[in-house]
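Peer 1: Model the following, please.
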Amino acid sequence: MAAGLAVVTGMALLSAGVAVTLLDGSSGTGETAKPKSPFTVAFGGDVHFEGMLRARLDASPDTALGPVAAQLKAADLAMVNLETAVTTAGTQAPKQFAFRAPPTAFRALKSAGVDVTTMANNHGMDFGETGLNDSLAAGRQAGMPVVGIGRNAAEAYKPHTVTVKGAKVAVIGATQVLDDNLIQAWTATDAKAGMASAKDAPRLVQAVQAARKSADVVIVNLHWGQELNSCATPVQRQLAAQLADAGADAIVGSHAHVLQAGGYLKGKYVHYGLGNFAFYNSSGRTAQSGVLTLTFDPGSKGTRVSKADWAPAVIGNGLPQPLSGAAAQQARASWEALRSCADVRPTPA
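Peer 2: Presented below is the predicted three-dimensional model:
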């Protein structure tokens, strides 16, 4: 009786030109609402194209990230932290290390299966506002979405949104790491280009809350932590909890140059530090790398992370070389042990 009434009412609304969704899941226009299904998102850490990586990029941008590309391509969505300005111009910022890459950097990322990149980090404006504008233009030209930087704060905090297997995914980028003498110059404001700053936690929380209103999944990619410290800092923990409360489903970061813990916090997935990914000067601890792949699964309580897979790698000649067999098992066990100095758990409960 109720079903029949709903169909009759729906037909009446259609005749009046009102779009409705009927009980069978159709829109009444011959189209069926696409159901949501599980999907995967892969993450790599810090990427730049210095040293031998520049030579590799110049020689063959389509294979510049090497064998790890297969793991990125296997996911439905993949992202990395591009820790360089993409420009051939601009004036170098007053700092010891400054990175820049040609526009073919975006081609290399796309060829490796990367779908979106964050440039909110302590190298994204190494060549000033000119370099930032060039980076944005190069990203648009290559069809590579870039988050975390913009011509103003609204653009910098704006998420990249994409529909993946029926689910609307919003990706936000921000940095908590900026040189003290560059914070003001590099932070985006309503009237100035720059980066989304995680130092302004309320502004970042606001961005997450806004994205939460319309997205099925909200992902925040952060540049944070303390260099060479494999333990999550109190500042990281505090921000992770704030973002989880604001509605972020996954909070993933890098910067420390070493691996940090990953696991569940308040039912959300947090990975404090992915380490280096494509990085020219890595060895020992700073060469420990890998790909994090999260599976998002729709359910009665929304789309949550149902599985997290850490595929370890070791950087050689600047590139992450995936591990297998006993070496992978040992590396994964070492990574899991990092939870001893973090506040995340291996399971949601």
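Peer 1: Show me which strand runs longest in the chain.
Peer 2: strand 304-316 (DSSP state E).
Peer 1: Give the pairing partners of that strand; include direction for each.
Peer 2: strand 288-297 (antiparallel), strand 319-322 (antiparallel) (DSSP bridges).
Peer 1: Please work out which of those is packed deepest.
Peer 2: strand 288-297 (a mean of 23; mean count of other C-beta atoms under 10 Å). (C-beta placed from N, C-alpha, C; glycine too.)
Peer 1: now the strands paired with strand 304-316 as a markdown table including distance to Phe279 and mean pLDDT?
Peer 2: As requested, the strands paired with strand 304-316 are arranged in a markdown table below (distance: least, C-beta to C-beta, whole Å; pLDDT from 0 to 100):
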| stretch | distance to Phe279 | mean pLDDT |
| --- | --- | --- |
| strand 288-297 | 8 | 98 |
| strand 319-322 | 9 | 97 |
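Peer 1: JSON lines please, covering those strands and showing distance to Gln238.
Peer 2: Shown next, in JSON lines, are these (distance: least, C-beta to C-beta, whole Å):
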{"stretch": "strand 288-297", "distance to Gln238": "22"}
{"stretch": "strand 319-322", "distance to Gln238": "30"}
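Peer 1: and Asp115, which of those strands is closest to it?
Peer 2: strand 288-297 (13.4 Å; C-beta to C-beta).
Peer 1: any idea how far the closest one is from the chain center?
Peer 2: 11 Å (C-alpha atoms, centre = their mean, to the nearest Å).
Peer 1: same thing with stretch 118-138?
Peer 2: For stretch 118-138, the distance to the chain centre is 17 Å (C-alpha atoms, centre = their mean).
Peer 1: and it, which residues are buried?
Peer 2: 118-129, 131-136, 138 (16 or more other C-beta atoms under 10 Å).
Peer 1: Equivalent analysis for stretch 200-217, please.
Peer 2: 200-201, 203-205, 207-208, 210-212, 215-217.
Peer 1: Using PDB, write out the CA atom coordinates for that stretch.
Peer 2: Extracted C-alpha coordinates of stretch 200-217, given in PDB (Å, rounded to 0.1, in the frame of the first residue of the first chain):
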ATOM      1  CA  ASP A 200      45.700  27.800  12.200                       C
ATOM      2  CA  ALA A 201      43.800  24.700  13.500                       C
ATOM      3  CA  PRO A 202      40.400  26.400  13.700                       C
ATOM      4  CA  ARG A 203      40.600  27.300  10.000                       C
ATOM      5  CA  LEU A 204      41.500  23.800   9.000                       C
ATOM      6  CA  VAL A 205      38.800  22.300  11.200                       C
ATOM      7  CA  GLN A 206      36.300  24.700   9.500                       C
ATOM      8  CA  ALA A 207      37.400  23.400   6.100                       C
ATOM      9  CA  VAL A 208      36.900  19.800   7.200                       C
ATOM     10  CA  GLN A 209      33.500  20.600   8.600                       C
ATOM     11  CA  ALA A 210      32.400  22.300   5.400                       C
ATOM     12  CA  ALA A 211      33.600  19.400   3.300                       C
ATOM     13  CA  ARG A 212      31.800  16.900   5.600                       C
ATOM     14  CA  LYS A 213      28.500  18.400   4.800                       C
ATOM     15  CA  SER A 214      28.500  17.200   1.200                       C
ATOM     16  CA  ALA A 215      31.100  14.500   1.000                       C
ATOM     17  CA  ASP A 216      30.900  10.800   1.800                       C
ATOM     18  CA  VAL A 217      34.600  10.700   2.600                       C
END
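Peer 1: Since that was my last question, I'll sign off now.
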